[in-house]
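> turn this into a model:
(2 chains)
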There are 2 protein chains.
Amino acid sequence: MPALDLRADPIDLTAALVDIPSVSHDEAAIADAVEIAIREQTSGFEVLRRGNRVLARTDRGKARRVVLAGHLDTVPIADNVPSRREKAGSDGDVLHGCGTVDMKSGDAVFLHLAATLDDPNCDLTLIFYDCEEIAAKYNGLGVIERELPQWLAGDVAILGEPTAGQIEAGCQGTLRVRLSTPGVRAHSARSWLGDNAIHKLGSVLQTLAAYQARRVDIDGCEYREGLSAVRIEGGVAGNVVPDVASVDVNFRFAPDRSVEQATDHVRQLFADEIASGAVTFEVTDSAAGALPGLGHPAAAALVAAAGGKFRAKYGWTDVSRFSALGIPAVNFGPGDPNLAHKRDERVPTSQITEVTDVLRRYLTA
Amino acid sequence: MPALDLRADPIDLTAALVDIPSVSHDEAAIADAVEIAIREQTSGFEVLRRGNRVLARTDRGKARRVVLAGHLDTVPIADNVPSRREKAGSDGDVLHGCGTVDMKSGDAVFLHLAATLDDPNCDLTLIFYDCEEIAAKYNGLGVIERELPQWLAGDVAILGEPTAGQIEAGCQGTLRVRLSTPGVRAHSARSWLGDNAIHKLGSVLQTLAAYQARRVDIDGCEYREGLSAVRIEGGVAGNVVPDVASVDVNFRFAPDRSVEQATDHVRQLFADEIASGAVTFEVTDSAAGALPGLGHPAAAALVAAAGGKFRAKYGWTDVSRFSALGIPAVNFGPGDPNLAHKRDERVPTSQITEVTDVLRRYLTA
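Sure thing, here's the model as predicted:
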């Protein structure tokens, strides 16, 4: 069992976490190490272990509670474990390895603070969970949401996902719809006897190509929407006029729209085709966005501690689970998200230090 | 070994042929029966057996030679063998079974005439072949074209494919092209960083939907062209702006265009998109059409024998193999082609009698 030293520099703690492989579904070793370290090296925490999820919280009767949450799993290792620290001149060092960005550096910051904050200004809840990098049904935070919802309570939640040390607030919603075009099958040598389903997708695609996506400011964050065909399919055989074709469209929408409003918006774009029966419209997937919620005092204080800088989060992330509970939630962690999941995943060590410092200020000011 | 009586009514001979199962690649039994019957029940024919192909020809020194060709194979049997003759009132009987239409009734007419024409006005070549109903590379007539091309020589070729007793002349050409749209992949949450390949297919589909297909008269046959998307494909994942998409287009063209001219015509429709680099254009498959060639005296005499009625053939058929050799070729046989390959495949017996009578007139007049 590798031991973790939570009081060590969080850079070294990141390296130690990276050196415990923890690909999704295989997080037992790292969960054991985290559980033992919290039990032995922190004080005042109630600790709960459930599967490969480790939960801990204080109950000091503080006026507010901050939730620090991070997933322990990584995508499959690509010859990039163990970690490797590279001296990189005046800008500081770089730590290489699977999870240095996504998101063992964020986990390390949270663990280090839990062990070293003498007198935090709030109660703390720590949530380390499994299976974030795979299908949503396995997501450990989702399991907690269903089985231990009281553990998610708090005034603000911080997910240590990589944001290059910038606060990213809220997240966009996502909607997937399938537009299908019924037709009539015929031999392509007598095409006039059929009604080509693929041809009817032309106007749908033209609408998508011409669509002007909205930009909207919410709580000082600019959200930029997008409407994209993500799959198209049709055809029966090389000599057949096809009677069915479909296109899947993904709408990423700002969190000032509900899923229902987003659905209505997309349906309206194709209202003529739907009304004429040329196109059928089916929602296949959706997830609500999350309002940034930066107006909440606990969130505003975090923004202040970070020097007032923040931006919108574009992708859908686990912050939505907190937002759905009415808890402001942000992503805030070291590492360039564009390097996540890459073979050359790496983090500037200075970002680990900076994020630690910001959170220390926020939790003790 | 079932024996065939070539002098029997061709309706009964059709039934006897249907009752010898001969799904593609499994034509040995029917080829044996046909070979033996020709050798024993006709006179003046040189007979050649090659695999499951049976060839026979006279050499009486006549001024012209007529080729009668038919395939012996069928699509898979669907509970419709043996044949079943149904009394159907004043319009005559109906013969049910796999191959009654496609094309053992045509084979039966040819075999019956070979055995019963006392003094034909021309030399005759009979070609019975295998594997017409499956991939072109197995086609028995193609094998003969490559290995025994001299056996295809003649002044006119008649394929006994089902035409409901109407002469169908020539055939359309077919061209398949793939239009692909290169793009740039991106996460759909940041779609503006990508270039959506599917969206770019919109203008291609609009062009196809708006295309006005040509109708053209050749030798009194009207050919009607068609341009059809037959397959469309694109997409990477549900959250990715795709960098590649493509549509396969099938152009069925009248035989006054060459393959090259047809290709140029289709390329021209998308000239703007190709020039701008939005679309790439690739020919994936082509086959020349066949001019009807009804101006040739041997073909004109057949039309006259059929009462002057004829029409264009739309699908690509083996007549093209003869046309490519400069031999006018037509399809002429009993049975509604729309019933071919169907579980309830069936032919009015009167059509078998009519086609026999027309060809007897033509070959003896």
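
> only C-alpha atoms for contact and neighbour calcs from this point on.
Noted.

> now the strand or helix carrying A:Ile352, how far from the centre of its chain.
Using DSSP states H and E, A:Ile352 sits in helix A:349-364. Computed by C-alpha atoms, centre = their mean, to the nearest Å, the separation of helix A:349-364 from the middle of its chain amounts to 21 Å.

> got it, and stretch A:343-355?
With C-alpha atoms, centre = their mean, you get 18 Å for stretch A:343-355.

> now do stretch A:33-47
On C-alpha atoms, centre = their mean, the centre of stretch A:33-47 falls 26 Å from the chain's centre.

> look at A:Met1 and report its pLDDT.
The model reports A:Met1 with a pLDDT of 64.

> could you pull out the helices for the stretch 251-365 of chain A?
In the stretch 251-365 of chain A, the helices defined using DSSP state H, counting those that start in this stretch lie at A:259-269, A:271-276, A:297-305, A:319-324, A:349-364.

> between the helix holding A:Ile352 and helix A:297-305, what angle do the directions make?
Put simply, helix A:349-364 runs at 140 degrees to helix A:297-305, going by axes from the mean of the first three to the mean of the last three C-alpha atoms, to 10 degrees.

> for burial, what's the neighbour tally of the spatially closest residue to A:Ser43 that is not a sequence neighbour?
In space, and not counting its chain neighbours, A:Ser43 is closest to A:Ala115: 7.5 Å by C-alpha to C-alpha, 6 or more residues apart in numbering or on different chains. Residues near A:Ala115, counting by other C-alpha atoms under 10 Å in any protein chain shown, number 18.

> where does chain A dip in pLDDT?
A:1 (pLDDT under 70).

> swap the cut-off to 80 and go again
Applying pLDDT under 80 to chain A picks out residues A:1-2, A:89-91, A:313-316.

> so which strand or helix has A:Ala213?
Judged by DSSP H and E, A:Ala213 forms part of no helix or strand.

> and for the one 3 residues further on?
With secondary structure defined by DSSP H and E, A:Val216 is part of strand A:215-218.

> can you name the next helix or strand after that strand?
The first helix or strand that comes after strand A:215-218 along the chain, using DSSP H and E, is strand A:221-224.

> and that following strand, what's buried?
Neighbour counts over strand A:221-224 (16 or more other C-alpha atoms under 10 Å in any protein chain shown) mark A:221, A:223-224 as buried.

> which residues touch that strand?
A:169, A:172, A:213-217, A:253-254, A:292, A:310-314 (C-alpha atoms under 8 Å, 6 or more residues apart in numbering or on different chains).

> picking up where we left off before, the strand holding A:Val216 - contacts with which helices or strands?
strand A:221-224 (3 or more C-alpha pairs under 8 Å, 6 or more residues apart in numbering or on different chains; DSSP states H and E).

> neighbouring strands - and their directions - for the strand it packs on?
strand A:215-218 (antiparallel) (DSSP bridges).

> and the strand it pairs with, what's buried?
Buried, per 16+ other C-alpha under 10 Å, within strand A:215-218: A:216, A:218.

> figure out how far it is from the centre of its chain.
Counting by C-alpha atoms, centre = their mean, strand A:215-218 comes out at 20 Å from the chain centroid.

> please export the alpha-carbon coordinates of that strand; CSV is fine.
Provided in CSV are the C-alpha atoms of strand A:215-218 (Å, rounded to 0.1, in the frame of the first residue of the first chain):
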residue,chain,number,x,y,z
ARG,A,215,-23.8,34.6,-27.1
VAL,A,216,-25.2,35.6,-23.8
ASP,A,217,-23.8,37.1,-20.6
ILE,A,218,-24.9,35.6,-17.3
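
> A:Lys137: what secondary structure?
At A:Lys137 the chain is in helix, as set by DSSP: H, G, I helix; E, B strand; the rest coil.

> look up how far A:Val143 lies from it.
Counting by C-alpha to C-alpha, to the nearest Å, the separation of A:Lys137 from A:Val143 is 8 Å.

> show me the contacts for A:Asp59.
So A:Asp59 contacts A:44-45, A:123-124 (C-alpha under 8 Å, 6+ apart).

> apply 7 Å and report the result again.
Residues near A:Asp59 by C-alpha atoms under 7 Å, 6 or more residues apart in numbering or on different chains: A:Asp123.

> quick one, phi psi at it?
The phi/psi pair for A:Asp59 (degrees, to the nearest 10) reads phi -140, psi 70.

> before we move on, the earlier item: which elements pack onto the helix holding A:Ile352?
helix A:10-18, helix A:297-305 (3 or more C-alpha pairs under 7 Å, 6 or more residues apart in numbering or on different chains; DSSP states H and E).

> and the ones you listed, which is most packed in?
helix A:10-18 (a mean of 24; mean count of other C-alpha atoms under 10 Å in any protein chain shown).

> not counting it itself, show me its contacts.
Against helix A:10-18 from outside (C-alpha under 7 Å, 6+ apart): A:4-6, A:81-83, A:97-100, A:104-105, A:108-109, A:112, A:349, A:352.

> A:Arg214: neighbour count?
Neighbour number of A:Arg214 under other C-alpha under 10 Å is 12.

> excluding residues flanking it in the chain, which one is nearest it?
Closest to A:Arg214 by C-alpha to C-alpha, 6+ apart is A:Glu225, at 5.5 Å.

> and that neighbour, what does it touch?
Here A:Glu225 is in contact with A:213-215, A:252-254 (C-alpha under 7 Å, 6+ apart).

> list just the nearest of those residues to A:Val75.
A:Arg252 (24.2 Å; C-alpha to C-alpha).

> in this structure that closest one contacts A:Val230, no?
No. A:Arg252 sits out of contact with A:Val230 when judged by C-alpha atoms under 7 Å, with a separation of 11.9 Å.

> neighbour-wise, which of the two wins?
Applying other C-alpha under 10 Å to A:Arg252 and A:Val230 shows that A:Arg252 carries more neighbours, namely 32 against 26.

> contact partners for that one?
Contacts of A:Arg252 (C-alpha under 7 Å, 6+ apart): A:172-175, A:225-227, B:189.

> repeat that for A:Glu133.
A:24, A:73-75.

> about what we covered before: what's the most buried one of the helices of the stretch 251-365 of chain A?
The most buried one of the helices of the stretch 251-365 of chain A (mean count of other C-alpha under 10 Å) is helix A:319-324, showing a mean of 21.

> can you tell me how far the residue nearest to A:Pro255 when sequence neighbours are not counted is from chain B?
Nearest residue to A:Pro255 in three dimensions, chain neighbours excluded: A:Gly289, at 4.6 Å (C-alpha to C-alpha, 6+ apart). Using C-alpha to the nearest C-alpha, to the nearest Å, A:Gly289 is found at 12 Å from chain B.
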